[in-house]
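Colleague: no FASTA, just this:
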Ligand SMILES: [Ca+2]
Ligand SMILES: [Ca+2]
């Protein structure tokens, strides 16, 4: 057997095995909120205040099967996270929207006390988990949190001929990152009555079937939000579980030995 054929077979084996070993968590949807140093923080007034208000924020798009769209924009300045939820095809302000953080990023089937949601409808409310259900439990609202909703028009890049629904939030970083974490579970939920029906429709990110805006998906299925600083955003490296690293190292050893055998025989 030539060494080239042997190497090809070994590489095929490696790629097959690594596919098996990569953990499920690698598939979790992730959003990065970049950091900004300038002082032009978004104005929390419920709409695109200027055409460049959210231009430095990250954008995450979610399309739903009924044609509804959600755009999640986020940025932070070290002290506050600023988050914009935008529904380019929703023209009537009749629902509510919420953002949830798994502050310990420990997932699980139920919402726990460290899982915090801010929901904005007629007013802004704060909820935590009870550890035995996925239903949000209302608590007192942290003083330093802001949220406003409204309609955005021509200042928005998604202006589609009609003013559409937007929600803006301002959340203190140290309330979410109390243990100096930079990654948290993240979940978005919103509802609307829709254009042509009186039924309430529920949407979420990640995209799950919902029957209530106050009942979340199990935190283990939430996405991830990571708050990056300018210095560490370029140093991210893909993580491999240790068994794969060991496997690759040993196979490289086999390849070297096999090559030498072929060359020197
Ligand atoms: Ca604004
Ligand atoms: Ca949690």
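Modeller: Nice, I can see it. This one's a predicted model, so the numbers in the text were calculated from it and none came from an experiment. Ligands and ions are numbered 1, 2, ... in the order given.
Colleague: now do the same contact list for residue 174.
Modeller: Taking CB atoms under 8 Å, 6 or more residues apart in numbering, we find residue 174 in contact with residue 79. C-betas here are computed from N, CA, C, even on glycine.
Colleague: what separates it from ligand 1, distance-wise?
Modeller: Separation of residue 174 from ligand 1 (CB to the ion, to the nearest Å) stands at 23 Å.
Colleague: so that residue is in which element?
Modeller: Using DSSP states H and E, the element containing residue 174 is helix 173-176.
Colleague: tell me the mean pLDDT for that helix?
Modeller: Across helix 173-176, pLDDT averages out at 93.
Colleague: show me which positions of the helix or strand just after that helix end up buried.
Modeller: Taking DSSP H and E as the definition, the helix or strand that follows helix 173-176 towards the C-terminus is strand 183-192. Neighbour counts over strand 183-192 (16 or more other CB atoms under 10 Å) mark 184-192 as buried.
Colleague: and what of stretch 52-66?
Modeller: 53-54, 57-58, 60, 62.
Colleague: circling back: does the helix holding residue 174 come close to ligand 2?
Modeller: No. Counting by CB under 5 Å from the ion, ligand 2 is not contacted by helix 173-176; separation bottoms out at 11.5 Å.
Colleague: shouldn't residue 54 be in contact with residue 75?
Modeller: Yes. Shown here, residue 54 and residue 75 form a contact pair, counting by CB atoms under 8 Å, at 7.4 Å.
Colleague: and the furthest pair within the buried residues of strand 183-192?
Modeller: 184 and 192 (26.1 Å; CB to CB).
Colleague: for the residue of the stretch 151-265 of the chain at minimum distance from ligand 1, give me its contacts.
Modeller: In the stretch 151-265 of the chain, the residue that lies nearest ligand 1 is residue 168 (5.2 Å; CB to the ion). Neighbouring residues of residue 168 by CB under 8 Å, 6+ apart: 42, 44-47, 82-85, 146-149.
Colleague: nearest to residue 115 among these?
Modeller: Taking these together and measuring to residue 115 by CB to CB, the closest member is residue 83, at 16.6 Å.
Colleague: what sits against the closest one?
Modeller: Contacts of residue 83 (CB under 8 Å, 6+ apart): 33, 72-74, 99, 168-171.
Colleague: same question for residue 163.
Modeller: Here residue 163 is in contact with 91, 151-153 (CB under 8 Å, 6+ apart).
Colleague: repeat the analysis, applying 6 Å as the threshold.
Modeller: 151, 153 (CB atoms under 6 Å, 6 or more residues apart in numbering).
Colleague: returning to that earlier point: and the contacts of residue 168, which of them are buried?
Modeller: 42, 44, 46-47, 82-85, 146-149.
Colleague: now intersect those residues with the strands, please.
Modeller: 82-85, 146-149 (DSSP state E).
Colleague: could these go into CSV alongside pLDDT and distance to residue 222?
Modeller: Compiled in CSV, those are given as follows (pLDDT from 0 to 100; distance: CB to CB, whole Å):
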residue, pLDDT, distance to residue 222
82, 97, 20
83, 98, 15
84, 98, 19
85, 98, 16
146, 97, 23
147, 98, 20
148, 98, 24
149, 97, 22
